[in-house]
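Give me a model of this one.
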Amino acid sequence: PHSDFTNFVLTCHLALSIPKNGQNQCRLTVGDETRQWINGRTMLFDTSILHDAINETDETRYILMMRVWHPDLTDTERQALQFVYDCLEFPDLVSNDPNTRQTTQQLVESMRTFPKLNQNKAGAGFGGGGGGGMLVLTVCEEKKL
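Just a heads-up that it's a prediction; the model follows:
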């Protein structure tokens, strides 16, 4: 079991391909509660709580992992945390040169903007909006050790 000591985000696992699906061979324990991954289902949990993943098969388990802001955070707290993460990825956000800062801010903003898609009717599909929130997507695979 391990903890990442990060209680300001929640982690979501979407089971994509689980070996021996539904046979309780691939499990996640968070605190005192254990659940098995089931293809197509999600689990949302707090990784600051001790947790452990088990794969008792010889096959690879595939999940899509997403991290989302904890719902108890205020907008100000989310913005402050996002700024810290942005500065780690783009150190020029705190450059002494105003032009460098502005260029970097524009780069960060452009990375949060979803591409506009051609829409045949209003409200169809994605597009237009901006990000504004952290969402990290990772496809994870795990084999039995």
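
so Leu107 sits in a helix?
Yes: the assignment for Leu107 is a helix, going by DSSP: H, G, I helix; E, B strand; the rest coil.

Hmm, Phe90 and it touching each other?
Yes: assessed by CB atoms under 8 Å, Leu107 is found in contact with Phe90 at 6.8 Å. Backbone N, C-alpha and C define where each C-beta goes, glycine included.

higher neighbour count, the two?
With neighbours defined as other CB atoms under 10 Å, Leu107 and Phe90 compare such that Phe90 has more, 16 against 13.

Next one: that one from Arg112, what distance?
Phe90 sits 12 Å away from Arg112, going by CB to CB, to the nearest Å.

thinking Arg35 is in contact with Arg27, fair?
Yes: if you go by CB under 8 Å, Arg35 and Arg27 touch, sitting 6.7 Å apart.

Where does pLDDT dip in this protein?
Applying pLDDT under 70 to the chain flags residues 117-145.
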